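K.L.:
here is the input, now give the coordinates:
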Amino acid sequence: MYQSSAPPGHQLMSVTCPNGVFAGQAININTPSGLMQITVPQGINPGQTFQVAVPAPAAAQAPPMAMAQPLPMPVPNPHALAQQQQQQELDFYHQQQALAAQQQQVRITIPQGVVAGNKMNVNLPTGKQVQVTVPQGMSAGMQMTINYNDNSSAAAAPPPQQPSYVPIVPPAAPQMRTEKRTVEIEIPHGVKSGNQITVNLPNGKTVKVTVPKGMHAGNKLTINYEMDVPTGAVQQPAIPQPFVPQPVAPPPQQPSYVPIVPPAAPQMRTEKRTVEIEIPHGVKAGNQITVNLPNGKTVKVTVPKGMHAGNKLTINYDMDVPTGAAPVAPVAAPPPQQKTQPEKRTVEIEIPHGVKAGNQITVNLPNGKTVKVTVPKGMHAGNTLTINYDM
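P.N.:
I've put the predicted structure just below:
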């Protein structure tokens, strides 16, 4: 339809795009042959002129102008041309009124992901479905109005597949200024001094904040941020600084806690002490034993001469105690027990079967020791033999 030369039986007509109409939108124009509907081509903006081929009348004159905007050309009779233009405008007005009387409107919201120039299907209240091209300057979330009628065959009515629309232009963005603001948050449960937390600010941004020293979960923390506000908005008063955090009772799902601080280590002094142990069974004078002391240390002790298993042995050691503790009286070491003189005893054994004089036998004595004994001359198996030992 839009070309630089007209086909046979047609002529070129210059059209100026009206204000508020963009590429892809359908408009009605007056031609020498009557009212005609066209679509504004891509790349044409309001106020720009483009050419369209229209049917030529039987007696074609100079190409007329659409929308009462004639092209600059020689006018042989200005008065007659003005009357003709007025009549065309009046006819176009009546035709538009008649068209508007037949049309109905429906308002839709442009879906997400749809941009200017995309085509989308619209279900009309009449049950029909039409395809609409999203005009330039409109995007997802904006509303646009669709004109339609039931008689899609009417010449003056736009076809259902090319409904006209009224674009809704969003208001201009207000002048903005940056304002310093503060927000107060409660430190979450389980967070302590030195931990880093993420905070969602009222300006839609997020910041990472390190909990200051001395603050913990349940305390209030004040954060400074910047907010872009309209120039005429009332400035928000700033919260006075500095902020002194006060513990608050947290909700049940986030109970606060009081950290348990261990007490300071007390001042200590070293005290001389003694411990008494019993020499274990089987240990005799000169043997070395390992002793676990009450101060947590271990020492190796040599059993003194004249002492044996069952005797009491006193050991000296050092104990670190708090300065204010009452001193423990040292235990006097008892004198070492004197070893008693062994007692002479005898035991009788029967010479085992098969043993004869001169043979050597092993005898287990009552004092726990064993001795080897040679059977005397003249004695044999079954005889009783007396053995001397110390107990």
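
K.L.:
can we go C-alpha only for contacts and neighbour counts from here?
P.N.:
OK.

K.L.:
burial check on residue 388, number of neighbours?
P.N.:
10 (other C-alpha atoms under 10 Å).

K.L.:
from residue 9, how far off is it?
P.N.:
From residue 388 over to residue 9 the distance is 159 Å, taken as C-alpha to C-alpha, to the nearest Å.

K.L.:
host element of residue 91?
P.N.:
helix 78-102 (DSSP states H and E).

K.L.:
ok, now residue 317?
P.N.:
strand 312-322.

K.L.:
got the buried residues for that strand?
P.N.:
By neighbour count with 16 or more other C-alpha atoms under 10 Å, strand 312-322 contains the buried residues 312-313, 315, 319, 321.

K.L.:
in CSV: those, plus pLDDT.
P.N.:
Formatted as CSV, these follow (pLDDT from 0 to 100):
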residue, pLDDT
312, 91
313, 89
315, 92
319, 88
321, 83
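
K.L.:
I'd like these laid out as JSON lines, including distance to residue 371.
P.N.:
Shown next, in JSON lines, are these (distance: C-alpha to C-alpha, whole Å):
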{"residue": "312", "distance to residue 371": "30"}
{"residue": "313", "distance to residue 371": "32"}
{"residue": "315", "distance to residue 371": "37"}
{"residue": "319", "distance to residue 371": "48"}
{"residue": "321", "distance to residue 371": "54"}
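
K.L.:
of these, which pair is most distant in space?
P.N.:
Greatest spatial distance among these (C-alpha to C-alpha): 312 and 321, at 26.2 Å.

K.L.:
what's the strand holding residue 317 packed up against?
P.N.:
Judged by 3 or more C-alpha pairs under 8 Å, 6 or more residues apart in numbering; DSSP states H and E, the packing partners of strand 312-322 are strand 268-278.

K.L.:
what pairs with the strand it packs on, parallel or antiparallel?
P.N.:
strand 312-322 (antiparallel) (DSSP bridges).

K.L.:
my read is that residue 48 contacts residue 17, right?
P.N.:
Yes: counting by C-alpha atoms under 8 Å, residue 48 touches residue 17, with 5.6 Å between them.

K.L.:
give me the more crowded residue out of the two.
P.N.:
Using other C-alpha under 10 Å as the criterion, residue 48 and residue 17 rank with residue 17 on top: 21 against 12.

K.L.:
could you check how far that one is from residue 266?
P.N.:
Distance from residue 17 to residue 266, by C-alpha to C-alpha: 94 Å.

K.L.:
kindly report the same for residue 55.
P.N.:
Here residue 55 is placed at a distance of 111 Å from residue 266 (C-alpha to C-alpha).

K.L.:
same question, residue 291
P.N.:
28 Å.

K.L.:
report pLDDT for residue 304.
P.N.:
pLDDT recorded at residue 304 is 94.

K.L.:
check residue 386 and give its pLDDT.
P.N.:
pLDDT, residue 386: 91.

K.L.:
show me what contacts it?
P.N.:
Neighbour list for residue 386: 346-349 [criterion: C-alpha atoms under 8 Å, 6 or more residues apart in numbering].

K.L.:
neighbouring strands for the strand or helix carrying residue 299, and are they parallel or not?
P.N.:
Using DSSP H and E, the element containing residue 299 is strand 298-302. Applying DSSP bridges, strand 298-302 is found paired with strand 288-292 (antiparallel).

K.L.:
starting at the chain centroid, how far to the strand it pairs with?
P.N.:
Here the centre of strand 288-292 is set off from its chain's centre by 60 Å, with C-alpha atoms, centre = their mean, to the nearest Å.

K.L.:
that one: which residues count as buried?
P.N.:
Buried-residue list, strand 288-292, by 16+ other C-alpha under 10 Å: empty.

K.L.:
and it, C-alpha only, in PDB?
P.N.:
Written as PDB, here are the backbone C-alpha positions of strand 288-292 (Å, rounded to 0.1, in the frame of the first residue of the first chain):
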ATOM      1  CA  GLN A 288      60.900 -48.000  92.400                       C
ATOM      2  CA  ILE A 289      57.100 -47.300  92.200                       C
ATOM      3  CA  THR A 290      55.000 -44.700  90.400                       C
ATOM      4  CA  VAL A 291      52.700 -42.600  92.600                       C
ATOM      5  CA  ASN A 292      49.800 -40.400  91.400                       C
END
